[in-house]
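In: Model the following, please.
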Amino acid sequence: MPLINLKDAEELVAGLDHPEGVALGPDGKIYAGGEGGQVYRIDYELRRVETYADTGGLNLGLALDAAANLYMCTADRGAVYKVTPAGAVSQYSAGSEDRRMITPNYPTFDAWGNLYVTDSGDWRGNNGCTFCIAPDGTTSVIDSENSQFPNGCALSPDGRFLHIAMSLSPPRIIRFPIENGRKVGATETVVELPHTVPDGLAFCADGGFLVSCYRPDTIFRVLPNSDVTVLMDDYEGTIMGAPTNVCFGGPDLSVLIWANLGRWHLGVNAHTGLQGARLFYPDINR
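Out: Now for the predicted structure:
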């Protein structure tokens with residue numbers, strides 16, 4: 001696919017506080033967080049943003065369940081927080097009994113309500129890991145092998161593999177098989193992305209996926225055969241300014257939306273010709 005011209009890219013909503021994460025909810029709304037604790041809910045059709053909660057810390061990645069409860073990685077508080085649709089905030093997990101979260105970065109659900117959470121650890125500290133929070137709240141480390149700043153993550157559409165953006169040494173996308181909230185096989189490198197800082201992942205309906213980058217201001221497309229193309233690039237860093245995370249929304253999941261950690265808006269492109277894969281929105285009864 002040729003480079004998507006930035007003339008098709010525009011602001012979805014502005015006035016956000018350096019949004020790092022973005023996600024589609026089961027209600028069709030778009031959700032994001034700010035670096036000052038703000039939790040945003042955006043009406044895609046009206047392009048209207050509502051600040052409906054505050055976690056009190058630096059918000060990174062987020063995921064939602066079937067009832068539109070939001071689960072936010074709040075990095076400087078070392079925990080994942082649950083935010084109800086009414087805006088009530090409570091701690092969901094701060095790690096396991098023997099390992100506390102350092103920099104929880106990105107969560108993703110499977111169909112059974114297991115929440116996989118990357119903990120990036122310290123930059124170049126080689127102390128990251130991946131947690132799984134079971135629906136009853138039990139939290140365990142399922143992977144500590146991939147420790148050099150695990151960042152954004154996404155489950156393959158069939159639910160069999162957890163994909164993780166590794167930001168350091170070398171920058172790459174890895175995957176490993178999961179089952180019942182556990183890692184059940186060896187790590188594979190899907191693709192290496194030299195001279196980048198890959199951050200966020202989103203699967204397409206064709207089985208490929210997108211990689212949004214903190215550096216450079218680029219969104220890559222990884223095809224099902226692992227070939228890499230540039231979907232969008234913004235050397236000026238204006239409409240795409242450190243596009244850390246990406247999701248699909250709008251009609252038939254045909255609209256690409258990204259967060260800009262380096263700016264104050266969410267970007268949108270309705271003309272990529274891509275369609276997003278369906279997400280898992282489990283029922284969580286606690």
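
In: Please make it C-alpha for all contacts and neighbour counts, starting now.
Out: Noted.

In: Surely Gly249 touches Val255?
Out: Yes. Contact status for Gly249 versus Val255: in contact at 5.2 Å, counting by C-alpha atoms under 8 Å.

In: Distance across stretch 174-183, terminal residue to terminal residue?
Out: This stretch, stretch 174-183, spans 13 Å end to end (C-alpha to C-alpha, to the nearest Å).

In: again but with stretch 140-153, I slipped
Out: 17 Å.

In: mean confidence for that stretch?
Out: If you average the pLDDT over stretch 140-153, you get 98.

In: What are the buried residues along that stretch?
Out: Of all the residues in stretch 140-153, those buried under the rule 16 or more other C-alpha atoms under 10 Å are 140-143, 146-153.

In: Which residues does it contact?
Out: For stretch 140-153, the external contacting residues (C-alpha atoms under 8 Å, 6 or more residues apart in numbering) are 61, 95-96, 99, 105-108, 117-133, 162-169, 182-183, 198-201, 245.

In: Now do the SS call for Phe220.
Out: strand (DSSP: H, G, I helix; E, B strand; the rest coil).

In: what's the helix or strand for the nearest residue in space to it that is not next to it in sequence?
Out: Nearest non-adjacent residue to Phe220, counting by C-alpha to C-alpha, 6 or more residues apart in numbering: Val230, 4.6 Å away. Using DSSP states H and E, the element containing Val230 is strand 228-233.

In: between the helix or strand following that strand and strand 218-222, how many degrees?
Out: Going down the chain from strand 228-233, the next helix or strand is strand 245-249, by DSSP H and E. Relative orientation of strand 245-249 and strand 218-222, computed by axes from the mean of the first three to the mean of the last three C-alpha atoms, to 10 degrees: 60 degrees.

In: Now find how far off-centre strand 245-249 is within its chain.
Out: The chain centroid and the centroid of strand 245-249 are separated by 8 Å under C-alpha atoms, centre = their mean, to the nearest Å.

In: try stretch 132-143
Out: Distance of stretch 132-143 from the chain centroid (C-alpha atoms, centre = their mean) equals 18 Å.

In: That stretch: end-to-end distance?
Out: 9 Å.

In: mind checking pLDDT for Asn285?
Out: So Asn285 comes in at 82 (pLDDT).

In: Could you tell me which ranges of the stretch 51-200 of the chain sit under the pLDDT cut-off?
Out: In the predicted model of the stretch 51-200 of the chain, no residue satisfies pLDDT under 70.

In: Tell me where it has strands.
Out: Secondary structure of the stretch 51-200 of the chain (DSSP state E, counting those that start in this stretch): strands located at 59-64, 70-74, 79-83, 89-93, 104-109, 115-119, 129-133, 139-143, 150-155, 161-166, 172-179, 182-183, 188-192, 197-203.

In: Any chance you could list what contacts the fifth one?
Out: Think strand 104-109. With C-alpha under 8 Å, 6+ apart as the test, strand 104-109 has contacts from 60-65, 71-75, 78-80, 115-121, 151-155, 280-282.
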